[in-house]
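Asks: Quick one, structure for this:
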Amino acid sequence: MEQIIFEGVDPTELARVLAGGVDHAGNTIQAFTDLDGGWQLRCCLADSVPGDEIAFIAFSPFDWNGPFRETGPIVVHARGCAATWQIERLPDDFDQRPMTLRPYNREHRILYDLVEPVPAGVGLNVQVRTLLQQPDVAEVYGRNPQGGCFAFVARRAG
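Replies: Predicted coordinates:
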């Protein structure tokens with residue numbers, strides 16, 4: 001089976017946005033201290049812990065332009081993140097939440113007939129791998145099913 005890479009937010013682009021103080025939608029970034037923990041961070045594909053300085057920002061994870069490119073809210077470490085943004089397997093925390101998997105083809109179009117709502121606890125890593133075995137699928141974007149927020153992108157490695 002081919003290796004798959006799961007990615008959060010590109011750290012170079014995130015650093016640029018944070019340094020500029022304005023997100024992809026033109027909003028001023030306002031950091032705050034997380035008192036409770038549990039926010040799903042897109043910079044490191046982990047949950048926040050109490051005391052983390054985080055921010056809600058509008059962000060587009062797409063590195064291409066076109067009608068299917070979207071910008072939406074995500075949560076990130078407000079001063080950047082030292083953790084990795086690329087992993088070979090999603091953390092177990094991800095599998096404990098429902099997710100919508102949205103596959104795209106090489107032309108950056110959503111493959112609507114393959115969009116898949118995934119209930120919590122049913123094996124998100126396996127579901128992503130199954131979609132990436134489809135020959136027309138180039139990338140799979142995970143989205144929060146309630147808010148539609150970007151969660152991760154998965155691609156074949158190499």
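Asks: pLDDT below threshold where in this protein?
Replies: The chain contains residues with pLDDT under 70 at 1.
Asks: one more time with 90, if that's ok
Replies: Scanning the chain with the threshold set as pLDDT under 90 gives 1-2, 62-66, 68, 80-84, 91-96, 146-148, 158.
Asks: what about the strands in this protein?
Replies: Secondary structure of the chain by DSSP state E: the strands cover 4-7, 31-33, 40-41, 46-47, 53-59, 72-77, 86-87, 99-104, 116-118, 139-143, 150-156.
Asks: Take those strands and lay them out in TSV including distance to G66 and mean neighbour count.
Replies: C-beta coordinates here come from the backbone N, C-alpha and C atoms, glycine included. Formatted as TSV, the strands of the chain follow (distance: least, CB to CB, whole Å; neighbours: other CB atoms under 10 Å):
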stretch	distance to G66	mean neighbour count
strand 4-7	19	18
strand 31-33	31	13
strand 40-41	26	20
strand 46-47	30	18
strand 53-59	17	19
strand 72-77	16	22
strand 86-87	24	16
strand 99-104	10	21
strand 116-118	22	15
strand 139-143	13	21
strand 150-156	15	21
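Asks: and of those, who's closest to A15?
Replies: strand 72-77 (10.5 Å; CB to CB).
Asks: Tell me how the protein divides into domains.
Replies: With domains defined by automatic domain parsing, the chain comprises 9-83, 87-156.
Asks: Now render these as a markdown table, adding distance to Q3.
Replies: Formatted as a markdown table, these follow (distance: least, CB to CB, whole Å):
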| stretch | distance to Q3 |
| --- | --- |
| domain 9-83 | 17 |
| domain 87-156 | 7 |
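Asks: Can you say which of those domains is nearest to E2?
Replies: With CB to CB, the closest approach to E2 among these belongs to domain 87-156: 5.1 Å.
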